[in-house]
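Visitor: After the sequence you'll find the predicted model.
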Protein chains: 2
Amino acid sequence: MAIDISLVRNLPLFRQMDPAALSRLMTRATPRRVLSGETVFEQGAEAAAFYLLLHGRLKVSQVTPDGQQVIVRVVHPGDLFGFARALARSDYPGTARAAVESIVVSWPMADWDAVVENNPRLAINAMQTIGQRLDEAHTRLREMSTQEVERRVANAVLRLAEKAGRKEESGTRIDFPITRQDIAEMTGTTLHTVSRLLSAWEGQGLVEGGRQKLTVIDAEGLARIADPEG
Amino acid sequence: MAIDISLVRNLPLFRQMDPAALSRLMTRATPRRVLSGETVFEQGAEAAAFYLLLHGRLKVSQVTPDGQQVIVRVVHPGDLFGFARALARSDYPGTARAAVESIVVSWPMADWDAVVENNPRLAINAMQTIGQRLDEAHTRLREMSTQEVERRVANAVLRLAEKAGRKEESGTRIDFPITRQDIAEMTGTTLHTVSRLLSAWEGQGLVEGGRQKLTVIDAEGLARIADPEG
DNA sequence: CAAGCTCTTTGCGTTTGCGCAAGCTGCGGG
DNA sequence: CCCGCAGCTTGCGCAAACGCAAAGAGCTTG
């Protein structure tokens, strides 16, 4: 079953792409519904396909040999993910798990090279996507190297609010279930410390918490914690 | 002055590339010699060109708003760098500084899109390069999140030895001048801690230090520190 | 060959945030 | 409707690593 082009035509990834080529591309795609908690692929598995997230939210995590987990990134609608081939790998470096019910489409990984070669615009867009991801990774590296935990967590929360925020009466609600543990794994700290911080911030009226919920009330104030100077 | 193709033909980046296309590409390139300590480009400067390192060694660093420095990566011969355009940025995200006298070649950034569009193989290779870099960044993120300082430093030293090591009688010497400060900035710690660790390791016969020098004597032993389990 | 700068070492006090432990709470399933 | 579990909170002690400080050593330059 082919996917309606109207669903994807406006994604930045496909901008400037020839409609005919896009149409051809989509006929090769397979859609899939992923329930909350299910995985799209798992770390170490053979990379048989690459994916695009149409709807929902995924968390990509890596597990260290000794069992520690780290959240490498959050996949938002419109993001390409799982293109291990682009990294010249044959297996997936991480596990992609749905935080909420999601819709993904996939292509056989074998198509990747051909797709890239026949769609230079897409190749450039894909490269920019990876590039931005690299940029994000460097930003997080820089933060992890130089900032103490409180600032890192503030930055992470602000980013989440920006990327996945939904305006509500009281503030900006992060629009998918996220645990303290998740935030800890994104910032390289423990769930205890995150909990303490969020509690403290809640006391100052900066955020409002709850079970798997988080709403930013005073983004300005948080930003002041994230970056005391500027 | 055009650059001799024989210098670059064997680089992984240009593998599988049409010799004629490569030749055409190289006629647009400008070579430059960079003395130790000089910068190729600086953070925030307009990205006017992208580069390939032919010889030498560069350190790419970023400075945080409050003046802290972080070494984002080391550029080895054969590496492409400074392709901000691929990241969809108009300025360089970091500063590239020569650790030793180096030779770089550059192309006008304006050529980037055309180069990528006309050389799909190169595009794929470039993407893989960025992909690998992303992978490295994730590895470092994972390490910074889960490992204590000693393991991180051990990992960093092992990677340096692998990427830039030169066999010598006693062990593997890191083949460019590197300070404790550099290592600290690569691992997110302080030069003091690095100094202490290296001293301790020297006492155990794992490494041999010196001013801007570092030789790995017992890689096995270091690996055991880097990864106490398997 | 001496001066001087940069890099390195080492000691000591301090702090951050981790680890452990125990108890609480909101939500979904039976 | 109530039970049970996953997720959250909080207290306390401790260790890792930072920050500061001061002194020592290896290149380089004049």
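Guide: Received, thanks. Fair warning: this is a prediction, and the values are worked out from it, not measured in the lab.
Visitor: Could you measure from whichever residue of chain A sits closest to DNA strand C over to B:Leu206?
Guide: Per C-beta to the nearest atom of the strand, A:Glu148 is where chain A lies closest to DNA strand C, at 2.9 Å. Every C-beta, even on glycine, is put in place using the N, C-alpha and C of the backbone. With the distance defined as C-beta to C-beta, to the nearest Å, A:Glu148 ends up 31 Å from B:Leu206.
Visitor: of the two, who's got more company?
Guide: Neighbour totals were compared for A:Glu148 and B:Leu206, and B:Leu206 leads with 21 against 9 (other C-beta atoms under 10 Å in any protein chain shown).
Visitor: Tell me the buried residues in the helix or strand of chain A with the lowest mean pLDDT?
Guide: Lowest by mean pLDDT, DSSP states H and E among the helices and strands of chain A is helix A:111-118, with a mean of 85. Buried residues in helix A:111-118, counted by 16 or more other C-beta atoms under 10 Å in any protein chain shown: A:Asp111, A:Trp112, A:Val115, A:Val116.
Visitor: could I get these as CSV with distance to DNA strand D?
Guide: Listed next are these as CSV, based on distance: C-beta to the nearest atom of the strand, whole Å:
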residue, distance to DNA strand D
A:Asp111, 35
A:Trp112, 34
A:Val115, 36
A:Val116, 38
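Visitor: Max pairwise distance over those: which two?
Guide: Based on C-beta to C-beta, the longest span within the buried residues of helix A:111-118 runs between A:Asp111 and A:Val116 and measures 9.2 Å.
Visitor: Which helix runs longest in chain A?
Guide: helix A:120-146 (DSSP state H).
Visitor: Just want the angle from that helix to helix B:111-118.
Guide: 130 degrees (axes from the mean of the first three to the mean of the last three C-alpha atoms, to 10 degrees).
Visitor: Would you mind putting the CA coordinates of stretch A:91-110 into CSV?
Guide: The C-alpha coordinates for stretch A:91-110 follow below in CSV (Å, rounded to 0.1, in the frame of the first residue of the first chain):
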residue,chain,number,x,y,z
ASP,A,91,23.7,-2.9,12.5
TYR,A,92,21.6,-0.4,14.4
PRO,A,93,23.7,1.5,16.9
GLY,A,94,20.7,2.0,19.2
THR,A,95,17.2,1.0,20.0
ALA,A,96,14.2,3.1,18.9
ARG,A,97,11.3,2.8,21.2
ALA,A,98,7.9,4.5,20.9
ALA,A,99,7.0,6.8,23.7
VAL,A,100,3.5,7.1,22.4
GLU,A,101,1.7,5.3,19.7
SER,A,102,3.5,6.3,16.5
ILE,A,103,3.4,5.9,12.7
VAL,A,104,6.6,5.2,10.9
VAL,A,105,7.3,4.4,7.3
SER,A,106,10.3,2.3,6.2
TRP,A,107,12.3,1.5,3.1
PRO,A,108,14.6,-1.5,2.6
MET,A,109,18.1,-0.5,3.5
ALA,A,110,19.3,-1.8,0.2
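Visitor: any idea how chain A splits into domains?
Guide: Chain A is divided into the following domains under automatic domain parsing: A:5-143, A:149-226.
Visitor: How about the first one and chain B, any contact?
Guide: Yes. Legend: contact between domain A:5-143 and chain B by C-beta under 8 Å from any C-beta of the partner chain is shown at A:62, A:64-66, A:68, A:70, A:72, A:86-89, A:93-94, A:113, A:116-117, A:120-121, A:123-124, A:126-128, A:130-135, A:137-138, A:140-142.
Visitor: end to end, how far does that domain reach?
Guide: The straight-line separation of the ends of domain A:5-143 (C-alpha to C-alpha, to the nearest Å) is 39 Å.
Visitor: do the shortest one as well
Guide: Distance across domain A:149-226, first residue to last, is 10 Å (C-alpha to C-alpha).
Visitor: That domain: how far from the chain's middle?
Guide: 16 Å (C-alpha atoms, centre = their mean, to the nearest Å).
Visitor: close to chain B, is it?
Guide: Yes. For domain A:149-226, a contact with chain B is found by C-beta under 8 Å from any C-beta, at A:Glu185, A:Thr187, A:Gly188.
Visitor: ok, A:Ala154 to A:Ala219 distance?
Guide: 10 Å.
Visitor: swap in A:Asn125?
Guide: 30 Å.
Visitor: Helices along chain A, start to end?
Guide: A:19-27, A:111-118, A:120-146, A:149-164, A:180-187, A:191-203, A:219-226.
Visitor: Does the longest one reach DNA strand D?
Guide: No. When contact is scored as C-beta under 7 Å from any atom of the strand, no part of helix A:120-146 falls within range of DNA strand D; the minimum is 8.5 Å.
Visitor: That helix vs DNA strand C: in contact?
Guide: No. Helix A:120-146 lies apart from DNA strand C when judged by C-beta under 7 Å from any atom of the strand; the minimum separation is 10.3 Å.
Visitor: Show me what that helix is packed up against.
Guide: Counting by 3 or more C-beta pairs under 8 Å, 6 or more residues apart in numbering or on different chains; DSSP states H and E, the packing neighbours recorded for helix A:120-146 are helix A:111-118, helix A:149-164, strand B:69-75, helix B:111-118, helix B:120-146.
Visitor: For A:Leu22, give me its contacts.
Guide: A:Ile5, A:Val8, A:Arg9, A:Phe14 (C-beta atoms under 8 Å, 6 or more residues apart in numbering or on different chains).
Visitor: likewise A:Pro12?
Guide: Counting by C-beta under 8 Å, 6+ apart, A:Pro12 has contacts A:Gly78, A:Asn125.
Visitor: Was I right to think A:Thr129 contacts A:Asp79?
Guide: Yes. Counting by C-beta atoms under 8 Å, A:Thr129 touches A:Asp79, with 7.5 Å between them.
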